[in-house]
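Novice: model this:
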Amino acid sequence: MLKKLFGLGKSKEVKIESEKIFAPLTGNLLSIDQVPDPVFSQKMMGDGIAIEPTEGLVVSPVEGEIVQVFPTKHAIGIKSLGGMEILIHIGLETVSMNGEGFTTYIKEGDKVKVGDRLVEFSLELVKEKASSIITPMVITNGEIVNEIRKENTTTVTAGKTEVIEVKLN
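Specialist: Residues are numbered from 1 along each chain as shown. From the prediction side, this is the model:
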C-alpha cells in the first residue's frame with residue numbers, strides 16, 4: 001500500500017540517448033578495418049574498434065549485463081544499459097584453443113560496471129596458438145545506433161580510455 005501511495009511501485013524507464021564505450025584491453029587502438037579477418041574488417045558483425053593488447057586482461061567497456069560467455073572463453077557478449085549488444089572477441093582463431101590459457105570471472109546474467117574484470121588470458125599462448133592477438137570489439141545490433149564517434153588515439157588503457165561515443169536511436 002505504501003508503494004502505491006508514494007508512487008514507489010511505478011518503474012520509470014529512462015531512455016538513454018548516448019553512451020560511452022571504454023577500452024576493454026590495454027594496448028594499441030586499431031581501426032576495425034585493420035583486423036586481419038574479413039568478418040570483422042568488413043563489418044559483417046557490426047562496427048567497432050580493435051585493440052592489439054599489451055597485456056592479457058579484458059575488462060568491461062560499459063555498464064550493463066553479461067549476455068554470453070562462450071564455452072571456449074575467447075569471446076564475451078555484453079548488453080549495455082542503453083541496449084547496445086557488444087561482442088569482445090579475444091584474438092583471432094582463438095576458438096580452437098578450447099579455453100586453454102583463458103580464465104573467466106563472470107557468467108551470463110552478471111551485472112558489470114566499466115572496468116570490471118571479465119577475462120584474463122595468456123598473451124604469450126594466444127601469440128603462439130592463434131592467428132592474431134588483435135581483439136575486435138563490435139556493436140552487433142547496429143540498428144539501434146544513430147551515430148558512432150570513434151576516438152582518435154593510439155594507445156589505450158583498459159577501463160580508462162574512452163574509445164567510442166554512440167548516439168542511440
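
Novice: what comes up buried for the longest helix belonging to the chain?
Specialist: Ordering each helix of the chain by length in residues (DSSP state H) puts helix 123-129 first. For helix 123-129, the neighbour count (16 or more other CB atoms under 10 Å) marks Leu123, Leu125, Val126 as buried. For every residue, glycine as well, the C-beta is placed using N, CA and C.

Novice: correct me, but the second one touches Gly101?
Specialist: Yes - in this structure Leu125 lies within contact range of Gly101 using CB atoms under 8 Å: 3.8 Å.

Novice: if we can go back for a sec, which one among the buried residues of helix 123-129 gets closest to Ile78?
Specialist: Val126 (20.5 Å; CB to CB).

Novice: what are the contacting residues of the next helix or strand after the longest helix of the chain?
Specialist: Where DSSP states H and E defines the elements, the next helix or strand beyond helix 123-129 is strand 135-139. Strand 135-139 has contacts (CB atoms under 8 Å, 6 or more residues apart in numbering) with 21, 24-25, 32, 35, 37, 40, 43, 45-53, 58, 61, 84-91, 145, 148, 163, 166.

Novice: what subset of those residues is buried?
Specialist: Those of these that meet the buried threshold are 21, 24-25, 32, 35, 37, 40, 43, 45-53, 58, 61, 84-91, 145, 148, 163, 166, by 16+ other CB under 10 Å.

Novice: sorry, back to before: tell me which of the contacts of strand 135-139 fall in helices.
Specialist: Residues of those located in helices (DSSP H): Phe40.

Novice: so where's this protein shaky on pLDDT?
Specialist: Counting by pLDDT under 70, the chain has low-confidence residues at 1-13.

Novice: confirm for me that Glu19 is in contact with Val163.
Specialist: No - at 11.9 Å, Glu19 does not count as touching Val163 under the criterion of CB under 8 Å.

Novice: quick one: the spatially closest residue to Lys129 that is not a sequence neighbour from Thr104, how far?
Specialist: Spatially, and ignoring its direct neighbours in sequence, Lys129 is nearest to Met97 (5.4 Å; CB to CB, 6 or more residues apart in numbering). Separation of Met97 from Thr104 (CB to CB, to the nearest Å) stands at 13 Å.

Novice: these two: who's more crowded?
Specialist: Taking neighbours as other CB atoms under 10 Å, Met97 and Thr104 compare with Met97 leading, 21 against 18.

Novice: just want the most central residue of the chain.
Specialist: Among the residues of the chain, the one closest to the centroid is Ile88, at 4.3 Å (CA atoms, centre = their mean).
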